[in-house]
Each structure stands twice: as C-alpha cells, then as structure tokens.
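S.K.: Provided below are the primary sequence and the corresponding predicted coordinates.
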Amino acid sequence: MTTRIRKVAVLGAGVMGSGIAAHLANSGVRALLLDIVPPQAAPGEDTASKAFRNKFSQGAIANLRKAKPSPIVSEQVLAAIEVGNLEDDLARLGECDWIIEVVKEDLAVKQALFAKVEKHARRDAIISSNTSGLSIVGMTEGRGAEFKKNFLVTHFFNPVRYMKLLELVAGQETNPDVVKTIHKFGEEVLGKGIVYGKDTTNFIANRIGVYGMMRTISEMQKSEMTIEEVDKIFGPAMGRPKSAVFRTADIVGLDTFTHVAKNCYDTLTHDEERDVFAAPDFLQKMVEKKMLGDKTGGGFYKKDRSSGGKDILALDLKTLEYRPQGKVRFDSLGAAKGIDDVKERVASVMNADDKAGKFAERVTLDVLAYSSRRIPEIADDLVNVDRGVRWGFGWDLGPFEVWDAYGVQKGVERMKALGLKPAAWVEEMLAKGRTSFYGVQDGRDTYWDIPSKSVKPVVENARTSRVEYLKRGNKKIAGNDSASLWDAGDGVTLLEFHSKMNSIDDDIIAMMNTALDETEKNFKGLVIGNDGSNFSAGANIMAMLMAAKSEDFDSIRKMASAFQAANQRMRYSPVPVVTAPFNLTLGGGAEVTMGGNAVQASAELYMGLVEVGVGLIPGGGGTMMLLRNVFGTYAADKDFDALPFLKKVFLAIGMAKVATSAEEAREMGFLSQQDGITGNRDFLLSDAKSRVLGLANGGFRPPRPTRFRLPGPNGAATIDMMLYDMQLNNQISAHDRKIAQKLARVLSGGDTSPSVLVTEEKLLELEMEAFLSLIGEEKTQDRMMFMLEKGKPLRN
C-alpha cells in the first residue's frame with residue numbers, strides 16, 4: 001500500500017469529478033482526469049482524434065474556467081490536470097497512487113469500471129468511490145482480496161473547493177493503514193475535515209441534513225409558512241448559511257436533492273422516520289417540470305426578468321407559480337440579529353414565543369432527537385455527526401452542539417411534550433450527572449462517549465491551534481476592547497484582533513505597539529492571527545466618517561500616521577513578525593498582513609486594498625507596501641522599467657481588485673513566492689508559529705528598507721491619459737478620476753525623477769497627503785456613508 005500520494009486519477013469528469021480534480025490541483029497534486037468516449041459524433045468530427053475521444057474530460061476543464069464560484073484557486077493550477085478517456089488511457093492508472101471513481105450512481109456501471117481498474121492499477125494503489133448511496137460490498141463484488149484491502153469510500157461534498165467535509169467509509173476488508181493514509185492526506189494536503197461514517201445509506205451528513213430539510217418542508221405545510229419565511233428562520237438566525245433550506249436545494253439541484261431523499265426512502269426500510277424522506281407532490285411536480293433550481297434558472301426561487309434580474313421571486317407551493325417575496329418580520333429574528341454568540345442566538349430563537357420561534361423549536365428538536373437515534377447506526381460517536389453536518393451543510397453548530405446550547409435536560413423534556421423520542425443513551429448520560437454533550441477539561445474539548453459511558457477528549461490533529469485554547473490556559477499578556485496579546489508558548493506571542501469585523505481602530509494600533517514592546521523584550525517572535533470569521537475587513541469607516549464630518553482631521557491624521565508607523569515598526573522590528581490572514585483581509589487588514597516579515601496565509605484568502613470603494617486610497621502604508629512587494633529586489637535598479645509594474649500596482653488598488661485565493665494574492669503581489677499557504681484553516685496559527693520560530697531560530701535579521709526608482713510626474717501623466725479616455729467614455733466619474741490621479745501621484749513618487757531614489761518614508765508622506773485630502777471631499781464622505789448604509793460602493 002502506498003503511503004505517499006503524488007498523483008491521483010479521477011474517473012468521471014462531471015461536476016463532482018472535475019471539482020475533485022480541480023481541488024487536487026489547487027493543493028499542488030497532479031491529477032489525471034478520465035471520462036467516457038462520447039457515444040455520438042457531431043457532423044464533421046473525427047472520431048479517431050484525441051480531441052473527440054477526450055471531449056468530455058477536456059470540456060470539463062473548460063467548465064472549470066467558467067464556473068462561479070471558481071473551483072480553482074488560480075488559472076495556473078489547471079496545468080496540473082491531464083485529461084484522457086476511459087478506453088485509451090486506463091493503462092495510465094499505473095502512474096497513480098490513488099484512483100477515485102466518480103461515475104454515475106449505478107451499481108452495474110461502477111462494478112464494470114472497477115473490473116477494468118483492477119487490471120491496470122498498481123497493487124499498492126489506493127482505490128476509492130465518491131458514492132453516497134451504494135454499498136462497498138456491492139461495488140467490490142467480484143474483485144480480488146488485494147483490491148478490497150485497498151478500497152474505501154471517499155465522499156467529497158460539492159463544491160469541492162469550498163466544502164470542508166470529506167467522509168471516509170471503510171469496508172469490512174479495508175486495510176486500516178489505507179484509511180490512515182487518506183485521512184492524513186485529506187486533512188493535511190487537501191485541507192478537509194475528516195469524518196468517519198459507516199457503510200449505510202447517504203452516510204452521515206446527507207442522512208441528517210436531508211432528513212432536516214425534508215422534516216422542515218413537512219412541518220412548514222402544517223404551519224402554513226412560506227419558503228422565504230422558512231429560509232429567514234433557518235438562516236444565520238439559527239446558525240445556518242444564508243442559503244438556509246430552499247436556497248440550498250436550488251444550489252444543489254432539486255433532481256440531486258430528491259434523488260438523495262428517494263435513496264433514503266427506498267433503502268432505509270428499518271428507519272422509524274422513513275416516510276419523512278418521501279418527496280411531497282409539489283416537489284415531484286417541480287422535478288417533472290424541470291424546475292430544478294440554479295441549473296435550470298428557477299427552482300424555489302427565480303430571478304425576475306422584468307427587473308433585469310435584480311429582484312428574486314419566490315415560489316408559491318400551492319400554485320407552483322412565482323410571486324414577489326413577502327416581507328419577513330418576526331420579533332425573535334429581529335432580536336437574534338443583535339446577538340453575536342451563535343449559541344446564545346440559536347437558543348434565543350428556539351426559546352421565543354412567536355410563530356418563528358415555535359417553528360424553529362419544533363423542527364430543530366425533531367432533528368436532534370432523530371440524530372441521537374442514529375448513533376451507532378451511522379457513526380460511532382456524536383463528534384462525527386456534528387462535524388459531518390457542520391462541514392457538509394455549513395451549519396455553525398452541529399445537532400448536539402445545538403442541543404447543548406438549548407439545554408440537554410430541557411431538550412429531552414420538550415421533546416417528550418411534543419411527542420418526540422430522544423435516544424435512551426441521552427437520558428442515561430443525564431442520569432450519570434453529565435448535563436452536556438461537550439465540555440472542557442485541562443483546556444481541551446471533551447465529549448460524552450456513548451459505549452464507555454464516560455467523558456473522552458475530542459480527537460484533533462496536533463497542528464490544530466486556536467486562540468480559544470490560549471484563553472482557557474490563562475495565557476493573556478495584555479489586552480483592550482479591540483485586541484489581545486497572548487503567550488502562544490515556545491517563545492512566541494500571538495496578537496489577536498477582536499473588534500467588530502476585526503476592523504482596525506486606535507485600540508488595535510495601540511496593541512500592535514504593545515505586542516512589539518513585549519515581544520522584543522521577552523520573546524522570540526510575534527504572530528498576528530485570530531479565530532474570527534475574517535482576519536480583518538479593514539479600517540473603522542464609521543469612526544473616520546464621524547471625524548471627517550466634524551472636520552477633526554487632526555485625529556484622522558494621528559490615527560493614520562500611527563497605523564503607518566505600527567506597520568513599519570513590525571517590518572523592521574528586531575524580532576520576526578508573521579501574519580496569518582484568512583477569508584476577508586481587506587484595506588487595513590491587507591496592510592497589516594503586508595507589514596509583517598512573512599505571511600502564512602489560509603488558502604481561502606480574499607485580500608485587497610479596496611479603499612477606492614469609499615472614495616479613498618490606502619492610508620496605512622498599503623501603496624508603498626504593494627509597490628515594495630511587486631518591485632522586489634529591482635526597486636532601485638537603473639535598468640528596471642518601472643512603468644509596467646507601476647501600472648500593475650495602480651490597477652490593483654485603483655480598481656479595488658480582490659484576490660479570491662491565496663494563490664491569486666501571490667500573483668497580484670500581496671503575497672511573495674516565499675510566503676506560505678495553509679490548506680486547512682485549523683492549522684493556520686500552528687503553521688504561522690512554526691514559521692516565526694523558523695525565522696527566529698535561523699538567525700533573523702530585519703530587512704533593509706527599500707528605495708524606489710520611480711518615474712515622477714511623467715508616470716502620473718501617462719496614467720492620467722488612460723483616465724482621461726475612461727472619463728470621456730463614461731467608464732469613470734470625475735470623482736473617480738480625482739481619486740485615481742492622487743493614487744497615480746503617490747505611486748509615481750510625487751515630484752521626483754528616475755535619477756533620484758525615493759524612500760519608503762517619502763511614499764508614506766505622499767500617501768498621507770492624498771488620503772487626508774480625499775477624506776475631506778464631500779463626495780468621498782457620501783461614498784463612505786453609502787457603504788455603511790448599503791454595504792456596496794456608490795459611484796458618484
């Protein structure tokens with residue numbers, strides 16, 4: 001059995017197969033993508049040509065380029081995917097360490113394919129199926145003992161790049177080392193959350209998730225709720241994605257959704273809630289009418305063509321006609337908006353007395369009771385169930401975490417009052433004096449283990465690291481309302497932002513300096529990161545706008561200058577600073593990121609200097625930092641033609657471009673080739689700590705400040721010619737041009753020439769001058785207000 005996976009074959013180039021191949025390539029793994037030879041040729045096609053015979057797999061690559069959200073982290077990763085077909089290229093399976101089958105959910109089709117795979121695969125190759133409904137015994141019927149030892153189910157979730165879950169299901173004859181190898185590879189290379197299911201229909205996530213969706217549909221009809229009401233209730237208010245129930249079904253596709261539900265109904269003849277999986281009449285009619293969701297342009301929701309697609313219509317389930325969405329207002333949902341803690345928010349909705357609260361409580365308690373009765377049928381413990389539903393359906397809390405938030409004892413009592421039946425083991429746990437499924441012991445998470453009737457630690461990879469663990473260990477060094485400094489162990493400090501959206505404010509800037517004071521005195525290095533939903537969404541626009549409206553420009557200058565200085569101090573501190581950005585890393589968040597000596601970024605990084613969206617340019621050093629990154633070692637070179645690179649930086653800032661992955665951030669210059677990328681967000685802080693220790697233990701010396709050879713007024717004039725044409729063609733407004741002119745002046749070095757070297761300090765001065773002049777503009781202040789009110793840019 002192979003233990004190192006370098007190349008993977010993916011058999012089947014549909015949405016899932018191509019998505020798996022794409023994510024392998026995202027993760028730096030070579031992939032061989034094979035599909036069937038087209039059964040029919042179009043007029044004029046040469047059926048003997050590779051272009052025809054590889055048409056399906058080659059077409060899948062074209063679709064990957066167009067798909068939204070993008071399955072690839074960069075166009076460049078597609079070079080790691082080779083294409084072929086299942087007739088001509090099966091011998092190439094011998095090149096592969098892992099072979100993943102992702103063909104039609106038809107037992108005979110899979111059995112026939114596996115018979116061919118067995119002839120061509122290496123004896124030590126791992127072989128798996130992405131099935132969600134077929135048994136391992138059935139799929140491996142007729143295969144040899146070696147094949148069965150190396151076989152398992154690896155069930156990815158769509159879209160593969162974004163859904164964390166990877167369910168592993170071993171067969172009775174699967175070698176345990178095969179499972180360990182795929183677990184390690186899936187978690188550490190592909191960045192997935194690994195869940196162990198059993199060889200039962202739809203495994204864990206789909207079994208519970210689809211039950212929950214079908215149970216919601218059933219209850220809503222009794223309660224006479226509309227689809228938009230249900231989606232508002234079971235969205236963020238209940239710790240679920242915005243897509244909630246019906247929007248999720250539209251995204252997945254109603255044909256896929258009903259297929260999964262039907263598979264449960266057909267095969268789970270022992271399930272006491274089997275009838276819940278039977279599709280109601282309206283759902284069957286929708287599938288018959290091809291109202292399948294996004295893939296057909298309409299499902300439960302549909303864009304209103306009369307409004308140019310701006311308005312979204314909702315389906316009336318009684319008439320199957322589309323209508324304008326009604327306003328959804330419930331006191332419980334209004335109150336939930338003000339509660340940041342997801343556990344408190346979910347409990348508040350479930351405890352509410354209004355219609356929404358009662359509906360949420362009834363449906364949720366039903367799903368919780370059902371989940372408890374599925375152990376040990378679908379999983380050995382509640383941790384795998386919770387992780388499966390969280391990672392597969394995007395819930396903030398799994399079923400048992402929701403139950404803990406509501407109260408286990410209270411949940412059991414309410415279930416009985418509603419005629420629901422929790423599993424006997426829940427009441428046994430309560431009788432033992434344990435009042436929650438999860439707890440904390442010695443700073444680590446614990447859970448109730450059902451077979452041993454005792455508390456056990458939640459198993460995690462050793463690289464998993466969270467600020468929460470430092471809090472439990474009383475490792476705080478200093479803190480204020482917006483940021484805290486922690487002792488992360490091994491001579492490393494960790495600076496955590498915890499303001500609203502982790503936006504940069506005076507308190508964060510102060511704590512950046514405190515962090516450097518403490519680290520320079522007593523520690524080896526500093527990491528900047530946090531456990532939040534986003535690294536930092538930028539500066540505190542509201543505070544700046546209020547100061548600008550009251551013409552308190554001195555305080556704005558003071559804050560921006562302090563932020564510039566803090567970022568520069570990080571860069572040139574005698575101790576190394578590593579930043580650990582993830583998700584939204586915008587404006588000031590991007591400046592903090594680039595201010596460190598090295599970056600350890602999450603693969604899912606959305607990074608950009610977006611200040612022009614509120615009528616400004618960067619004010620914390622971002623212009624100089626991006627120039628520094630893009631110009632690199634050639635910044636002062638006499639033979640270096642700065643203008644093409646200057647244009648690259650100008651467009652990145654002037655068009656508020658946002659990288660949609662860490663790889664894209666690297667291509668745009670926000671990250672360097674030497675910066676690291678972590679595939680699994682759970683490992684980000686640990687990897688950043690390892691990086692800062694590597695720098696510190698490797699004899700770190702702060703870098704030499706950069707000096708730039710810039711074009712001066714001639715460069716700014718060249719850029720303004722482009723702006724003039726854009727304004728003339730109504731592509732930009734006069735105020736857009738004014739902002740861009742000021743940005744061009746900063747990036748060109750102001751009143752300089754290529755014979756003079758411009759210092760970082762000079763660029764920071766130019767940036768500050770432009771920033772302050774723009775924030776005093778009425779049109780900029782209008783843009784800032786519009787962004788705060790509407791959440792999108794104003795073009796005035």
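M.R.: Right, received. Where do you want to start? Numbering: from 1, shown residues only.

S.K.: going forward, measure contacts between C-alpha atoms and count neighbours the same way
M.R.: OK.

S.K.: what's whichever strand or helix holds Glu187 packed up against?
M.R.: Assigned by DSSP states H and E, Glu187 falls within helix 176-188. The helices and strands touching helix 176-188, judged by 3 or more Cα pairs under 8 Å, 6 or more residues apart in numbering; DSSP states H and E, are strand 165-170, strand 193-196.

S.K.: and it, how far from the chain's centre?
M.R.: 22 Å (Cα atoms, centre = their mean, to the nearest Å).

S.K.: got the CA positions of it in PDB?
M.R.: Presented in PDB, the C-alpha positions along helix 176-188 are these (Å, rounded to 0.1, in the frame of the first residue of the first chain):
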ATOM      1  CA  PRO A 176      -6.700   0.300   8.400                       C
ATOM      2  CA  ASP A 177      -3.500   1.800   7.000                       C
ATOM      3  CA  VAL A 178      -5.300   2.800   3.800                       C
ATOM      4  CA  VAL A 179      -7.800   4.800   5.800                       C
ATOM      5  CA  LYS A 180      -5.000   6.400   7.900                       C
ATOM      6  CA  THR A 181      -3.100   7.400   4.700                       C
ATOM      7  CA  ILE A 182      -6.200   9.100   3.100                       C
ATOM      8  CA  HIS A 183      -7.100  10.700   6.400                       C
ATOM      9  CA  LYS A 184      -3.700  12.300   6.700                       C
ATOM     10  CA  PHE A 185      -3.600  13.300   3.000                       C
ATOM     11  CA  GLY A 186      -7.200  14.700   3.000                       C
ATOM     12  CA  GLU A 187      -6.700  16.700   6.200                       C
ATOM     13  CA  GLU A 188      -3.100  18.000   5.700                       C
END
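
S.K.: can you tell me which of the helices and strands packed on helix 176-188 comes nearest to Ala562?
M.R.: Of all the helices and strands packed on helix 176-188, strand 193-196 sits nearest to Ala562, with 40.3 Å by Cα to Cα.

S.K.: Which strands border that closest one, and is each parallel or antiparallel?
M.R.: Partners of strand 193-196 in the sheet, by DSSP bridges, are strand 165-170 (parallel).

S.K.: Send me the partner strand as PDB with only the CA atoms.
M.R.: C-alpha atoms of strand 165-170 as PDB (Å, rounded to 0.1, in the frame of the first residue of the first chain):
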ATOM      1  CA  LEU A 165     -16.200  17.700   4.600                       C
ATOM      2  CA  LEU A 166     -14.600  14.500   3.400                       C
ATOM      3  CA  GLU A 167     -16.500  11.400   4.700                       C
ATOM      4  CA  LEU A 168     -14.400   8.200   4.900                       C
ATOM      5  CA  VAL A 169     -16.100   4.900   5.000                       C
ATOM      6  CA  ALA A 170     -14.100   1.700   5.300                       C
END
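
S.K.: Report the angle between that strand and helix 176-188.
M.R.: Relative orientation of strand 165-170 versus helix 176-188 (axes from the mean of the first three to the mean of the last three Cα atoms, to 10 degrees): 180 degrees.

S.K.: what's the offset of strand 165-170 from the middle of its chain?
M.R.: 20 Å.

S.K.: which parts of it are buried?
M.R.: 165-170 (16 or more other Cα atoms under 10 Å).

S.K.: Out of those residues, which comes closest to Gly357?
M.R.: For those, the nearest to Gly357 is Leu165 (29.6 Å; Cα to Cα).

S.K.: Tell me where the stretch 551-700 of the chain has strands.
M.R.: According to DSSP state E, counting those that start in this stretch, the stretch 551-700 of the chain carries its strands in the segments 577-579, 583-586, 598-602, 605-608, 676-678.

S.K.: For Val455, find the nearest of those.
M.R.: Across these, closest to Val455 is strand 676-678 (Cα to Cα), at 31.8 Å.

S.K.: And the strands of the stretch 551-700 of the chain: which comes nearest Ala79?
M.R.: Closest approach to Ala79 among the strands of the stretch 551-700 of the chain is made by strand 676-678 (19.0 Å; Cα to Cα).

S.K.: what helices or strands is the closest one leaning on?
M.R.: Counting by 3+ Cα pairs under 8 Å, 6+ apart, strand 676-678 packs on strand 598-602.

S.K.: For the strand it packs on, enumerate its sheet partners and note whether each is parallel or antiparallel.
M.R.: Strand 598-602 has these strand partners (DSSP bridges): strand 577-579 (parallel), strand 676-678 (parallel).

S.K.: where's it relative to the chain centroid, distance-wise?
M.R.: Worked out by Cα atoms, centre = their mean, strand 598-602 lies 16 Å from the chain centre.

S.K.: now do stretch 224-240
M.R.: Distance, centroid of stretch 224-240 to centroid of chain: 22 Å (Cα atoms, centre = their mean).

S.K.: residues of it that come out buried?
M.R.: For stretch 224-240, by 16+ other Cα under 10 Å, it's 226-240.

S.K.: In helices, which of those residues fall?
M.R.: 227-233 (DSSP state H).

S.K.: Tell me which two of those residues sit farthest apart.
M.R.: Ile227 and Ile233 (10.0 Å).

S.K.: Quick one, grab the pLDDT at Met1.
M.R.: With respect to pLDDT, Met1 has a value of 67.

S.K.: which residues touch the nearest residue to Asp250 once chain neighbours are set aside?
M.R.: Once flanking residues are discounted, Asp250 sits nearest to Gly293: 3.9 Å by Cα to Cα, 6 or more residues apart in numbering. Neighbouring residues of Gly293 by Cα atoms under 8 Å, 6 or more residues apart in numbering: 249-254, 299-302.

S.K.: Check the gap between Asp736 and Asp687 for me.
M.R.: Relative to Asp687, Asp736 is positioned 41 Å away (Cα to Cα, to the nearest Å).

S.K.: how's this protein carved up into domains?
M.R.: Here the domain parsing of the chain from automatic domain parsing is 7-196, 205-300+327-424, 468-780.

S.K.: Among the ones you listed, which comes closest to Asp449?
M.R.: Proximity to Asp449, assessed across the domains of the chain by Cα to Cα, is greatest for domain 205-300+327-424 (6.6 Å).

S.K.: And the next helix or strand past the strand or helix carrying Thr248?
M.R.: According to DSSP H and E, Thr248 maps onto helix 246-252. Using DSSP H and E, the helix or strand that follows helix 246-252 in sequence is helix 254-267.

S.K.: Which other helices and strands does whichever helix or strand comes after that next one contact?
M.R.: Per DSSP H and E, helix 254-267 leads on to helix 281-288 as the next helix or strand towards the C-terminus. Helix 281-288 sits against helix 254-267, with contacts defined as 3+ Cα pairs under 8 Å, 6+ apart.

S.K.: how about the helix it packs on: buried residues?
M.R.: Buried-residue list, helix 254-267, by 16+ other Cα under 10 Å: 254-255, 257-258, 260-261, 263-265.

S.K.: Return the distance of Arg681 relative to Leu365.
M.R.: When Arg681 is compared with Leu365 (using Cα to Cα), they lie 31 Å apart.

S.K.: Same check on Ala510?
M.R.: 46 Å.

S.K.: Among the two, which residue is more densely surrounded?
M.R.: Taking other Cα atoms under 10 Å, Ala510 and Leu365 do not tie; Leu365 has more neighbours (24 against 17).

S.K.: Please identify which helix or strand holds the more buried one.
M.R.: Using DSSP H and E, Leu365 sits within helix 355-373.

S.K.: Now the element after that helix, going C-ward?
M.R.: helix 382-393.

S.K.: thinking again about what came up before, pull out the buried residues from the helix holding Glu187.
M.R.: 178-179, 181-188.
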